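*Asks:* My questions are about this predicted structure, shown below with the sequence.
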Amino acid sequence: MRPVLAAHTGSMSEASEFDLPAYSAAIAGVIENSGAFVVAVKSAAYRVASGVVIRKDLIAVNNHALRREGTIPAYLPDGTETEASIVGRDPRLDVAVLKVEGGTFQPPAPEEDARQRAGELAIVVGRTLDSGLSASLGIIGAVGGPRRTWRGGELNRFLRLDVNLYPSQVGAAVVSARGLFIGMATPAVLRHSTLAVPHEALNQIADELLQEGRIRQGYLGLGLQPVAIPENLQTKFEHVAESGLIVLSVEPGTSASEAGLQLGDILLSAANTPLTDTETLLGLLRGRGAVGTAIRFFVIRGGNGLEVEVRIAERRNKRS
């Protein structure tokens, strides 16, 4: 007797039977087909991680796993070995981009955002040197809008995975039951959980690295802390929130210092955006093209309001 399951489609009252062996074969087929855009990379001397094709000559991998510089050995879907160079890194989203000269990869077709719902199947497809493809099956545990990460990055779409991720699967492709590309798996962006870095974010990072040579992050040189705004000041000025950001330190020689911001200043808004927490300001500094532009703050100083314009400088990191 052939095993069957009751599958619900839409509501509990709508059920249809499907063939369990056929379901199993379909999942295996999705994994096999996804292998066409999944590679293995020698991320460290004795460590292999997965990577996913995002352009005809570009591979995305987890930045935290890539513990080497120079040329990176990469093992392609057809079994051949080649060398890739590092285009650049974005530690904030745990993404590094590699380039294979003369690559002729076929990038995967992306899954539509509307189909990425909590509870949808999520298939993680990685690659090892000894066993070939490596897969894990789970679900998308949560879906949300833009989300800032504890590493300082900003995801255009939040996709938390409920899936078991093996060490060799860091940087693996996350695909839907339809075999379409959702994103790249990483355990290093959200504490205690695995995320899929969406395909849109991977391509945005690749674009910036190719055009700028690095991920540019804005910097002002301020130490800030949220502070409650007294009620009399809330009524004195228009569009004032219940809290702002008080300046605790100003680094000498920075754009904030040159613009004249002082200790004790309270920043109420930046570019007409209320500043109720530091993450709001950091979000303005992370935007592509923010570095080099001027941002106008509305500030309370000694009970009076004034506007201060500060040019956004670039934060320098050891690893861009």
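*Replies:* Nice, I can see it. Remember, predicted model here, so these are calculated numbers, not experimental data.

*Asks:* remind me which residues of the chain are low pLDDT?
*Replies:* Within the chain, the ranges that satisfy pLDDT under 70 run 1-17, 151-152, 287-289, 317-320.

*Asks:* can we see that at 80?
*Replies:* Applying pLDDT under 80 to the chain picks out residues 1-18, 148-154, 191, 214-217, 238-239, 279, 283, 286-290, 315-320.

*Asks:* Val52 is in what secondary structure piece?
*Replies:* Following DSSP states H and E, one finds Val52 within strand 47-55.

*Asks:* Next, Ala96: secondary structure please.
*Replies:* strand (DSSP: H, G, I helix; E, B strand; the rest coil).

*Asks:* State the distance from it to Gly292.
*Replies:* 25 Å (C-beta to C-beta, to the nearest Å). Just so you know, the C-beta spots here come from the backbone N, C-alpha and C atoms, and that holds for glycine as well.

*Asks:* again, but for Glu120
*Replies:* In terms of C-beta to C-beta, Glu120 sits 41 Å off from Gly292.

*Asks:* Those two: which has the busier surroundings?
*Replies:* Per other C-beta atoms under 10 Å, whichever of Glu120 and Gly292 has more neighbours is Glu120, with 16 against 11.

*Asks:* Please report the distance of the more buried one from Glu111.
*Replies:* Counting by C-beta to C-beta, the gap from Glu120 to Glu111 is 9 Å.

*Asks:* from what I can see Glu208 touches Arg216, true?
*Replies:* Yes - under the criterion of C-beta atoms under 8 Å, Glu208 makes contact with Arg216 at 7.5 Å.

*Asks:* Residues in contact with both of Glu120 and Glu111, list them for me.
*Replies:* Residues within reach of Glu120 and of Glu111 at once, by C-beta atoms under 8 Å, 6 or more residues apart in numbering, are Ser176.

*Asks:* who's in contact with the residue sitting nearest the centre point of the chain?
*Replies:* Among the residues of the chain, the one closest to the centroid is Leu93, at 3.9 Å (C-alpha atoms, centre = their mean). Contact analysis of Leu93 by C-beta under 8 Å, 6+ apart lists 149, 151, 153, 155, 186, 189, 197, 201, 205.
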